[in-house]
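S.K.: Sequence plus predicted model, see below.
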Amino acid sequence: MSAVLPALQNLDPELRSGIIECIEHWKDQEGNLIMILHEIQNRHGFVPREASLLLSGETGVPLARIYEVLTFYHYFRLVAQGKHNITVCNGTACYLKGAGRLLAELESRLGIKDNQTTEDRLIHLETVRCVGCCGLSPVVVVDKKTVGKVFPTDMAGIIEGIRNREEKEEDEE
Amino acid sequence: MKSSPYEQALQKLRKGIPDKRTGQWIQVGMDSGGIAAGAERLFRFFQKECERNGRNTPVGRAGSYGYAFIDPLVEVNAGKFPPVLYGMVDQKTAVRILTEHLNEGRLIDDHVVAGRDRGRALNGPVTAILVKDTSCEDGDKTKWFQSSIKDEIGGRDPNNPVQVVRALDMGIYHEGLVVQLLPSRVTYTNVLSRDIARMVKQSILGNEVIDDLLWNQPDKQVRIVLRRCGTIDPESLDDAIAHGAYEATARAITGQSPEDVIETVKASGLRGRGGAGFPTGLKWQLTREPKSDRKFVICNADEGDPGAFMDRSVLEGDPHAVLEGLILAGYAVGASKGYFYIRAEYPLAVKRVEMAIDQARRRGLLGKNILGSGWDFDAAIRLGAGAFVCGEETALIASIEGRRGSPQPRPPYPSVEGLWGKPTCINNVETLAAVPWIVANGGEAYARHGTGQSKGTKVFAVTGKVRNPQLVEVPLGTTVREIVYGICGGVQDDLLIKGVQTGGPSGGIIPEQHLDTPVTYENLVELGSIMGSGGMLVMNENDCMVDVAAFYLKFCVDESCGKCAPCRIGGYQMLQLILKISRGRGSPEDLDQIHRICHAMRTASLCGLGQTAPNPILSSLRFFQDEYVAFIEGGTSYARKRKQALAAGKSLKEAV
Ligand SMILES: Cc1cc2nc3c(=O)[nH]c(=O)nc-3n(C[C@H](O)[C@H](O)[C@H](O)COP(=O)(O)O)c2cc1C
Ligand code: SF4
Ligand code: FES
């Protein structure tokens, strides 16, 4: 095993063992780099620098090449997201049915732009190209749940829903 | 008599698999679209209720039924009807399905979707009558007819139990009042009030078909790729096998040489459904020819065209069809390994393909010595990561190899030097899903559908401003108008149609005056579009073509990998020009400049993305130049008004 780099000490032990396990699983298979990165992001929500360092050390793939891949593909994230996610589909079907108006409404209600997170880090707003539910367009995805046939007037309720759930959680704690 | 190796293999495959389902059952459409509309909840509800009441009704899941506009869908087989499909099933309707349909044998108003396998003869008593006025959406006429028919039956035979039900969709549009008689599915159109008496007397009480009312047009759709979508449980190998899956594999690897398989596919005339339309048999032959220690086949499931969902639906609805296609491709080209390259944005498709691979391996359909034939082949999944350019073959290969998805100049073609430098054959999901059907039924059977150089069927995802967005499969050569108006019910709110976009960001728009063009690879290219992967976006009179052009171009600019200048710089410059025009600050010279950039991008870009990115622009300039000119001449005040109208979804006239 490689010498432990200083940055690696910041790595959450659970994530660390997760990554090691995942590398073990994929080690002998061809075309594994992107699959490993997917798994890291699935577990952690994004790909932290420490994870890439560890991956590089374990597999011998140069860090620069890992970053080349991470930055090329839109799907990978290098920083933490908000706790909740609102994704507006801006594929062609949704665009034709008014995705732009949905995004504008969300942006003004949340006070942030596309691909930004609210100051309290509660909600992240982003757009994607088609989630494959074009029959229900326009579509937004709220924390992995797809909601179809929505109007700009529904956006307030969606935001409130997230905030309410959050408050309930806090009360329970 | 000793059975043939094929029969033995088939027997082994089918051992212990129950026959197709009979008796009562409920099935819920559980593709991503259905799930987004609440199918998961329905599934659990039906399961719980059927368990609690000690009913033995099995509750199953199915892939997409195709009717995206009325998700979620539930199919029920019970009572004296053929299987009945219900659309827009909410919680209340779900409860009614149990109490009324299952317990009392009654159908539920306003949710039944009439079947498309319409009958021509009445062979037994009519058990229910579906009615719907297809000319007008408000439904008053439907209600009037419903009660008139009821009264007529009651007047003639007070004890007749036949139920008259308002249907949700008839699959027939603008044909007046439509009536469908169950169970035979004999369908009458343009029924007038004066027809009611004779219909009841002759058909319902007398069991006699009335020829002058009968709808005897054959169904416009032919389901080959979607043959099992919405029929089988996509998570069950048994169910797939009971409906014919892997028959073709058994046939091919026990009795046909790889060359035979290639010949069959050649005879079918099948061409790639991923966009370019390259003949599939030839591609296989080209990959078979080179000598190599290893070869690969890849299923391109990167479905990048935004606004299209054909491949997702097939993967979610019948993953074994695609896997079997990949196995047959592997057998034909002599590959030892196949990969599915799937968009990470399609988690359900990934899950179902994963299950399919796992099930097939455990059943001896993957791995060593497949079905006792001595041939080895295995399959695995690799995920995309949100880069449109990775749909391009060389970029896709780079991505699987764990590199950034930059296209490479060709030749060498992947058929000679592909994945890890080995001969590789890449096929689209739909292409592969058609292959098992072709091998099982013969190339000629497939070639009987379609026309000229465009044989067989094609799946389209029709969306946008269409009344009933859905998944359709039609023989090539069907006209755009038949698809949009005949199958999907025309334009939403009965507005005027402006055109239909095909081919996504690489395609163009088919304007109204060309809607009667038969859809073939050649015809679409002639109109400045392409077949593409099968997205069809309907645009109405209020849509702004300059805005649409900018939308597609922005997509290509965002997705350009940046490797070559014509695409990277040309695309960006052109987008600036179009945005300038759309702000009302353009000049006539800008249009000339746009044409010049288009030409440069087309001829000098390295890969298909840059080469085809000008298509939506050129197409909109060809058919809707007046819209560009309106912006240029109208200046900023026009642009402002246009923008307002667009935001309100109104026409320019209404908005100002
Ligand atoms: C920029 C670009 C994106 C593409 N995206 C896809 C895609 O999403 N799905 C697909 O099947 N083919 C896509 N293609 C076409 C493939 O490169 C390839 O031609 C196809 O997968 C071959 O399979 P077929 O012969 O079965 O059509 C794309 C091509 C280009 C240039
Ligand atoms: S045409 Fe565009 S996407 Fe293709 S290689 Fe060049 S820059 Fe990349
Ligand atoms: S375009 Fe929005 S789901 Fe497809």
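M.R.: Sure thing, it's come through. Ligands and ions are numbered 1, 2, ... in the order given.

S.K.: residues in contact with residue B:654?
M.R.: By C-beta atoms under 8 Å, 6 or more residues apart in numbering or on different chains, the contact list for residue B:654 reads B:645, B:648. Every C-beta, even on glycine, is put in place using the N, C-alpha and C of the backbone.

S.K.: Next one: it from residue B:542, what distance?
M.R.: 8 Å (C-beta to C-beta, to the nearest Å).

S.K.: and if you look at residue A:49?
M.R.: 48 Å.

S.K.: Which one of these two is surrounded by more residues?
M.R.: residue B:542 (19 against 16; other C-beta atoms under 10 Å in any protein chain shown).

S.K.: Residue B:644 is in contact with the more buried one, correct?
M.R.: No - at 11.9 Å, residue B:542 and residue B:644 do not qualify as touching, with contact defined as C-beta atoms under 8 Å.

S.K.: now for the longest helix belonging to chain A, which elements pack on it?
M.R.: If you go by DSSP state H, chain A has its longest helix at helix A:155-172. If you count contacts as 3 or more C-beta pairs under 8 Å, 6 or more residues apart in numbering or on different chains; DSSP states H and E, helix A:155-172 packs onto strand A:84-89, helix A:99-110, strand A:140-142.

S.K.: neighbouring strands for the last one, and are they parallel or not?
M.R.: Neighbouring strands of strand A:140-142 in its sheet, by DSSP bridges, are strand A:84-89 (antiparallel), strand A:145-147 (antiparallel).

S.K.: Pick out the residue closest to the middle of chain A.
M.R.: By C-alpha atoms, centre = their mean, chain A has its centre lying nearest to residue A:45, at 5.5 Å.

S.K.: dump the residue contacts of that residue.
M.R.: A:77, A:80-81 are the contacts of residue A:45 under C-beta under 8 Å, 6+ apart.

S.K.: What count of nearby residues applies to residue B:261?
M.R.: Around residue B:261 there are 25 residues (other C-beta under 10 Å).

S.K.: can I assume it is in contact with residue B:328?
M.R.: Yes - assessed by C-beta under 8 Å, residue B:261 is found in contact with residue B:328 at 6.3 Å.

S.K.: Find the residues that touch each one of those two.
M.R.: With C-beta under 8 Å, 6+ apart as the test, residue B:261 and residue B:328 both reach B:252, B:439.

S.K.: that older thread, what are the phi and psi values at the residue nearest to the centre of chain A?
M.R.: Here is the backbone geometry of residue A:45 (degrees, to the nearest 10): phi 90, psi -20.

S.K.: how much space between it and residue A:88?
M.R.: With C-beta to C-beta as the criterion, residue A:45 and residue A:88 are 19 Å apart.

S.K.: and the closest residue to chain B within chain A, backbone torsions?
M.R.: Nearest to chain B, among the residues of chain A, is residue A:135, at 2.2 Å (C-beta to the nearest C-beta). Backbone torsions for residue A:135, taken as degrees, to the nearest 10, come to phi -60, psi -20.

S.K.: can you pull out the helices in the stretch 201-350 of chain B?
M.R.: Assigned helices in the stretch 201-350 of chain B, in chain order: B:237-242, B:247-255, B:258-268, B:280-288, B:310-317, B:319-333, B:347-362 (criterion: DSSP state H, counting those that start in this stretch).

S.K.: what's the closest of the helices and strands packed on helix A:155-172 to residue B:266?
M.R.: strand A:84-89 (39.8 Å; C-beta to C-beta).

S.K.: When you filter the contacts of residue A:45 down to buried only, what's left?
M.R.: Listed as buried from the contacts of residue A:45 are residue A:77; burial here means 16 or more other C-beta atoms under 10 Å in any protein chain shown.

S.K.: So which of the contacts of residue A:45 is the closest to ligand 2?
M.R.: residue A:77 (22.7 Å; C-beta to the nearest ligand atom).

S.K.: now the closest one: how far from ligand 3?
M.R.: As judged by C-beta to the nearest ligand atom, to the nearest Å, residue A:77 and ligand 3 stand 21 Å apart.
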